[in-house]
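Peer 1: A predicted structure for the sequence below; I have some questions about it.
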Amino acid sequence: MEKDKDKKEEKKEEKIKPQFFRQNIYAVKMLWSLSPRRVIHTVIQVALDYFGWLFSSLFFLRYIIRAIETGADFSSAIGFIIFACFLMGGLLLYMSYANNVVFSITWHTVFRDLYAKIYHKARNVELRCYEDSDFYNKYTMALENANGRIIQTAVTFISIIGGIIASGIAFYVMFTIDPFSVLFIASPIIGNFLFGSLISKIEAARYAENTPHNRKIGYVKRVLYLAEFAKEVRMSNIFSLMSRRYDESVGDLRKVADKYAAKGTFFQATKHILTFAFVFQGILFYAAYRGIVSQTMPLADLAIIFSAMTTTSWLFIGLFGDVSASLGHVVFVNYLRGFLEYKEEIPEDQDGIKPDSRVNSIEFKNVTFEYKSGFCAIKDCSFVIKSSQIVAFAGHNGAGKSTLMKLLFRLYDPTAGEILVNGINIKEYNLQAYRSLFSAAFQDYKIFSMSVEDNVTLGRDKTKVESALKQAGVWEEIKSLSNGVNTTLTKEFDENGAVLSEGNAQKVVVARAFANSAQIQVYDEPSSALDPIAEYNMYKSIMSASRGVTTLFISHRLSSVADADIILVMEQGQIIERGNHKELMALGGEYARMYTMQARSYLADSEAVVS
């Protein structure tokens, strides 16, 4: 198993090498598309930075020493020094402007536009992607400080190009002074190129292996500070389980660290010895030999060559440091590019036929659906729903009722069979236009940290907010809040925000469906948090809102489905019974059995209350 894993890692490393230039160029193009100004000033800054290095440590020093040796005119030397001061001052002034003005402003521009791309993609990919751990890992790695990393990737690559040019110039200057001196450059080349790249590979592999463990740690942190988990944390032993998971993840991080510790230590130490000790000590020994032992080089030339060799060595150190860092950046760009270029199976922006404003029929035709795990949630389901019918789906948990709704919304596509609306396969419709046919109240609803009004409308028409809240039976509670419908829900961003009871929160979610005048209304367990009286009133409101529109709802409480035109009873992904309440009770099958059991339970509860 370990050998197979090592082989896979080797294959990954082999893929990174040919992608080095391609992925770095992609990063530069990406940054250019987000902020051309950032790229232009980065190129200027890198060019001037290397020019400052070469000018001050090579040409300036060489000119001054030669002027002293040749007895040049003092005024010309002073003039050159003043020119150099103004030149370097101008460079420093520009660097300060670029760092504090241009890069600060463009950082925010890149942040806004890059995350807009990432968020658009995240919204555009199909729901199945969020259930794919490999895809989700890539998504989280692409999202993590993406703007800073895409900037750093592009800047590093531009710096590599500048470093190659500057190193070539410095190398040439050294060669003209003393051809033998260029041999000292071999040491930092080996240290940085060979061992630096090995270190980068270790860091990239360690980062990839740490990602799932860091995600678990992040989840534990969220659970312990988000208000939605606060009650369970305080009223149960979940904290100890979370602590255990946290400790396990930290332990896994330690194992990853231990896995690479020996290699990392050896490569890091070897790199530093080759990069620094051999070069600078070697330069000193060589200079001492030429100046003291062989007396073949004047002191002025020794000073120049020492400066040139030091500068060239640092340029090579910086260059190969950038190359090593860039190898790590390539891994990130792979994730980001893979995520952004992912071809969606059900793209949210898919174009197609615009559906008719009136829905006359919905048909499931031999529909089967399997999740990626291989679990078959829906098996050969067929049924037809006519316009304005009220259809209820009944059955035990896990029977496939909610999955049917997800297929109807086209959050998933069937593995086999087809779904037709007005006789047309729903895959042929413009997806956004098709989804606009539905208004829905989901069982696993979410309340957003926004105003009540925004929670009801979700960015749509605001004219029906009050009437929708009244229909849902929560208007009086909302009206009594400090700012009415403008009150922020949750306290995440507003200490004066309102925290609704679970029942009232569910009513707000049902109001979402009421506020959206769609042709098809879907209610998935809309009363699970309500008491019997509130539940009765809720279904009374739903039935009232269902006049003239097609209504689908899921409920475990079968007393609430008795008035439906059609009841579809599901078990293990299949429809086992269909008919209205009277027909199904007469059939004496699963529906009748469940209804009778629930009725007895309700009666027992009533008797207990009376006694």
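Peer 2: Arrived safely.
Peer 1: all contacts plus neighbour counts: C-alpha atoms, from now on.
Peer 2: OK.
Peer 1: Show me the helices in the stretch 351-500 of the chain, by range?
Peer 2: 401-408, 431-435, 452-457, 465-471, 475-479 (DSSP state H, counting those that start in this stretch).
Peer 1: what about the last one, distance to the chain center?
Peer 2: With Cα atoms, centre = their mean, to the nearest Å as the basis, the distance from the averaged C-alpha position of helix 475-479 to the chain average is 37 Å.
Peer 1: swap in stretch 25-44?
Peer 2: In terms of Cα atoms, centre = their mean, the centre of stretch 25-44 is set 22 Å apart from its chain centre.
Peer 1: before we move on, the earlier item: I'd like the helices of the stretch 351-500 of the chain laid out as TSV, including mean neighbour count.
Peer 2: What follows is the helices of the stretch 351-500 of the chain, written out as TSV (neighbours: other Cα atoms under 10 Å):
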stretch	mean neighbour count
helix 401-408	20
helix 431-435	19
helix 452-457	24
helix 465-471	21
helix 475-479	17
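Peer 1: Looking at those helices, which is nearest to residue 34?
Peer 2: helix 431-435 (27.2 Å; Cα to Cα).
Peer 1: Give me the mean pLDDT for the closest one.
Peer 2: Taken as a whole, helix 431-435 carries a mean pLDDT of 92.
Peer 1: picking up where we left off before, what would the helices of the stretch 351-500 of the chain look like in CSV with distance to residue 441?
Peer 2: Listed next are the helices of the stretch 351-500 of the chain as CSV, based on distance: least, Cα to Cα, whole Å:
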stretch, distance to residue 441
helix 401-408, 11
helix 431-435, 14
helix 452-457, 11
helix 465-471, 13
helix 475-479, 17
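Peer 1: how about these, which one is nearest residue 488?
Peer 2: That would be helix 452-457 among the helices of the stretch 351-500 of the chain, by Cα to Cα, at 6.3 Å.
Peer 1: picking that back up, for residue 584, find the nearest of the helices of the stretch 351-500 of the chain.
Peer 2: Closest among these, using Cα to Cα: helix 401-408, at 18.1 Å.
Peer 1: quick one: contacts of that closest one?
Peer 2: When contacts are defined by Cα atoms under 8 Å, 6 or more residues apart in numbering, helix 401-408 is touched by residues 377-378, 393-395, 412-414, 419, 524, 554, 570, 573.
Peer 1: hmm, back to that, looking at the helices of the stretch 351-500 of the chain, which is nearest to residue 102?
Peer 2: Once the helices of the stretch 351-500 of the chain are compared by Cα to Cα, helix 452-457 is nearest, at 36.7 Å.
Peer 1: by contact count, what packs against the closest one?
Peer 2: Helix 452-457 is packed against helix 465-471, helix 502-515, with contacts defined by 3 or more Cα pairs under 8 Å, 6 or more residues apart in numbering; DSSP states H and E.
Peer 1: Would you mark the buried spots in the longest one?
Peer 2: Across helix 502-515, burial judged by 16 or more other Cα atoms under 10 Å covers 503-515.
Peer 1: other SSEs contacting it?
Peer 2: strand 438-441, helix 452-457, helix 465-471, strand 520-524.
Peer 1: Just put the ones you listed in a markdown table and tack on mean pLDDT.
Peer 2: Listed next are the helices and strands packed on helix 502-515 as a markdown table, based on pLDDT from 0 to 100:
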| stretch | mean pLDDT |
| --- | --- |
| strand 438-441 | 88 |
| helix 452-457 | 90 |
| helix 465-471 | 91 |
| strand 520-524 | 90 |
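Peer 1: now for these, which one comes closest to residue 331?
Peer 2: Across those, closest to residue 331 is helix 452-457 (Cα to Cα), at 39.2 Å.
Peer 1: Now stretch 438-454: buried residues?
Peer 2: 438-443, 447, 449-454.
Peer 1: same check, this time on stretch 487-495
Peer 2: 487-490.
Peer 1: Go through these and flag which are in strands.
Peer 2: With strands defined by DSSP state E, no entry of the buried residues of stretch 487-495 lies inside them.
Peer 1: Can you get me a residue count around residue 83?
Peer 2: 12 (other Cα atoms under 10 Å).
Peer 1: List the contacts of the helix or strand containing it.
Peer 2: Counting by DSSP states H and E, the element that carries residue 83 is helix 74-97. Applying Cα under 8 Å, 6+ apart, the external contacts of helix 74-97 come out as 45, 48, 52, 60, 64, 67.
Peer 1: How many neighbouring residues does the spatially closest residue to the fourth one that is not a sequence neighbour have?
Peer 2: Nearest residue to residue 60 in three dimensions, chain neighbours excluded: residue 84, at 7.8 Å (Cα to Cα, 6 or more residues apart in numbering). Each residue near residue 84 was counted by other Cα under 10 Å, and the total is 15.
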